[in-house]
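> dropping the sequence and predicted coords here.
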Amino acid sequence: MAKERNFPAVFAELKSILQRYAPHLKVTDDGAEGYTLYGAFSPKYKQEVYFGGAQIKKNYVSFYLMPVYMYPELSNGISERLSKRRQGKSCFNFTAIDADSFKELASLTEKGFERFKQENLVKES
């Protein structure tokens, strides 16, 4: 018998990692299956810059973190455990709650937010 998946609980945990940055970023999606944050307008990119999001998919829950794509050095030193969940450059997929990976992802998200602050891609508080 296949293990029952509790994607809403996984999504809630991943969303909570991002929510702490909502006061400084723009929430563009806040639904039962998706949560998205954008940074400020960037003259360099001529648009608001995508920060990250979480989304329930058919076979997993995805966590997107654009700062690791924009600033690859942020990924230096990530654990093999988290690295195995990485799809592409800025996406991490989960099928269950993984407290250790979520803790590491929260730290990586904070580093990404700090870098967005350095680049003036966040709202003033």
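Sure, I can see it.
> only C-alpha atoms from now on, for both contacts and neighbour counts.
Noted.
> the protein: strands as residue ranges?
Assigned by DSSP state E, the strands in the chain fall at 26-30, 34-42, 47-56, 61-65, 86-87, 91-94.
> out of those strands, flag the one nearest residue 117.
Residue 117 lies closest to strand 34-42 among the strands of the chain, at 9.4 Å (Cα to Cα).
> check the strands of the chain for me and report the most buried one.
Compared across those, strand 61-65 shows the largest average neighbour count, a mean of 25 (mean count of other Cα atoms under 10 Å).
> list the buried residues for the longest helix anywhere in the chain?
Of all the segments of type helix in the chain, defined by DSSP state H, the longest one is helix 99-118. By neighbour count on 16 or more other Cα atoms under 10 Å, the buried set for helix 99-118 is 101-102, 105-106, 108-113, 115-117.
> what sits up against it?
Contact with helix 99-118 is made by 13-14, 17-18, 21, 39, 65, 67-68, 74-75, 78, 81-82, 122, as judged by Cα atoms under 8 Å, 6 or more residues apart in numbering.
> again with stretch 27-47
In this structure, residues lying in contact with stretch 27-47 by Cα under 8 Å, 6+ apart are 8, 11, 15, 18, 22, 24-26, 48-56, 116, 120-123.
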